[in-house]
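[1] this is the structure alone, sequence omitted:
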């Protein structure tokens, strides 16, 4: 099979197109003929340092949509020809190949009316946003939310989810060139993180109250600053580093809840319920897509051989929406 591989840890330009043996599904696994795979920041971040479980050459990639080609021992739910989507495991060979292996219980059926490209676009970014807002924050109608990096994958899906869940006001950080784009997704205000003090602007926009919920997708330092922009009893979800200091950041009366989130942790947790919930969230998310409440945000469709160059562009952090490779 054709695949994009890494021969050693490195940057995306170290990836190459190669021929590999077609993998075989083990017990509880399914083999998928890949029809589309999306690109995520995790792909180039993990490639840079490698993973202790990898045997080289290794196939990177997390998000797969395709057709079940073979099933392993003990798999009763799936059969050859089923259309499925799944969020992969960083520790194992991934999505950027003609065939991929997935845990059967972590795959979700792609409903009629949803393309392979749309299905492949959302798992890593969309389910991270969904887990943050729905599973962790339990976001409620009428609340105010700050979503960092609204033009990115997680941020863009989070803005749309917040709108679908009835947010009273959605604030997001974005560069001026992406202001119209994030407003089109549903944001009420785009804050220029290059020239504005984001927490101060949030307090100004909320008359000093702060945001009920904040989704931080940037870094630990930004998450630290977010603490001052939370409303009383507010919630902060961090997916790129939690605040270093919590107890002394502000007056003790301003209580809040902090969530640290890593969607892919379900793979290594050994928790069957957590693994099955990834598939369940995918079902719920695709339901919102079919209702027209969530756009897959496909910004670009490329071929398999174009993945290394596209990951290089993604690493520069100026890509809007999702890049999807079709096979």
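    Done, it's in. Keep in mind that what you see is a predicted model, and the values were worked out from it rather than measured. Residues are numbered from 1 along each chain as shown.
[2] buried stuff in stretch 99-117?
    Residues of stretch 99-117 classed as buried by neighbour count (16 or more other Cβ atoms under 10 Å): 99-110, 114-117. For every residue, glycine as well, the C-beta is placed using N, CA and C.
[3] what's the closest of the residues you listed to residue 13?
    Within these, the smallest distance to residue 13 is 22.9 Å, found for residue 100 (Cβ to Cβ).
[4] residue 55 sits in which helix or strand?
    Under the criterion DSSP states H and E, no helix or strand holds residue 55.
[5] what ranges do the helices span in the protein?
    For the chain, the helices defined by DSSP state H occupy 41-49, 116-121, 123-130, 153-164, 179-185, 198-205, 220-226, 265-269, 272-290, 307-315.
[6] nearest to residue 31, of those helices?
    Of all the helices of the chain, helix 116-121 sits nearest to residue 31, with 16.2 Å by Cβ to Cβ.
[7] quick revisit: can you say which of the helices of the chain is nearest to residue 324?
    Among the helices of the chain, helix 116-121 comes nearest to residue 324, with 5.0 Å by Cβ to Cβ.
[8] for that closest one, name the packing helices and strands.
    Applying 3 or more Cβ pairs under 8 Å, 6 or more residues apart in numbering; DSSP states H and E, one finds that helix 116-121 contacts strand 29-38, strand 63-71, strand 83-87, strand 298-303, strand 322-326.
[9] who's in contact with the closest residue to residue 23 other than its chain neighbours?
    Closest residue in space to residue 23, ignoring its immediate chain neighbours: residue 101 at 5.1 Å, by Cβ to Cβ, 6 or more residues apart in numbering. By Cβ atoms under 8 Å, 6 or more residues apart in numbering, the contact set of residue 101 is 23-26, 29-32, 92-93.
[10] re the thing from before, filter the buried residues of stretch 99-117 down to the ones in strands?
    Residues of the buried residues of stretch 99-117 located in strands (DSSP state E): 99-103, 107-109.
[11] what is the nearest of these to residue 9?
    Looking across these and measuring by Cβ to Cβ, the closest to residue 9 is residue 100, at 21.0 Å.
[12] hang on, the earlier thing: got JSON lines for the ones in strands among the buried residues of stretch 99-117, with pLDDT and distance to residue 325 too?
    Supplementary listing: those in JSON lines, determined by pLDDT from 0 to 100; distance: Cβ to Cβ, whole Å:
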{"residue": "99", "pLDDT": "98", "distance to residue 325": "14"}
{"residue": "100", "pLDDT": "98", "distance to residue 325": "12"}
{"residue": "101", "pLDDT": "97", "distance to residue 325": "18"}
{"residue": "102", "pLDDT": "96", "distance to residue 325": "17"}
{"residue": "103", "pLDDT": "95", "distance to residue 325": "22"}
{"residue": "107", "pLDDT": "97", "distance to residue 325": "19"}
{"residue": "108", "pLDDT": "98", "distance to residue 325": "20"}
{"residue": "109", "pLDDT": "98", "distance to residue 325": "22"}
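[13] between those residues, which is nearest residue 282?
    residue 108 (3.7 Å).
[14] contacts only, for the closest residue to that closest one other than its chain neighbours.
    In space, and not counting its chain neighbours, residue 108 is closest to residue 282: 3.7 Å by Cβ to Cβ, 6+ apart. Counting by Cβ under 8 Å, 6+ apart, residue 282 makes contact with 85-87, 108, 122-123, 127.
[15] angles on the backbone of residue 7, please.
    Main-chain dihedrals, residue 7, degrees, to the nearest 10: phi -90, psi -20.
[16] that one - how many residues pack around it?
    12 (other Cβ atoms under 10 Å).
[17] likewise for the one 3 residues further on?
    A count of neighbours around residue 10, defined by other Cβ under 10 Å, yields 14.
[18] isn't it right up against residue 46?
    No - with contact defined as Cβ atoms under 8 Å, residue 10 does not reach residue 46; the gap is 11.3 Å.
[19] any common contacting residues for these two?
    With Cβ under 8 Å, 6+ apart, residue 10 and residue 46 have no common neighbours.
[20] what about residue 63, distance to residue 136?
    Distance, residue 63 to residue 136, by Cβ to Cβ, to the nearest Å: 21 Å.
[21] okay, these two: which has more neighbours?
    A count of neighbours by other Cβ under 10 Å puts residue 63 above the other of residue 63 and residue 136, at 30 against 17.
[22] how much space between the closest residue to residue 199 other than its chain neighbours and residue 293?
    In space, and not counting its chain neighbours, residue 199 is closest to residue 229: 3.8 Å by Cβ to Cβ, 6+ apart. Plainly put, residue 229 is 27 Å away from residue 293 if you go by Cβ to Cβ.
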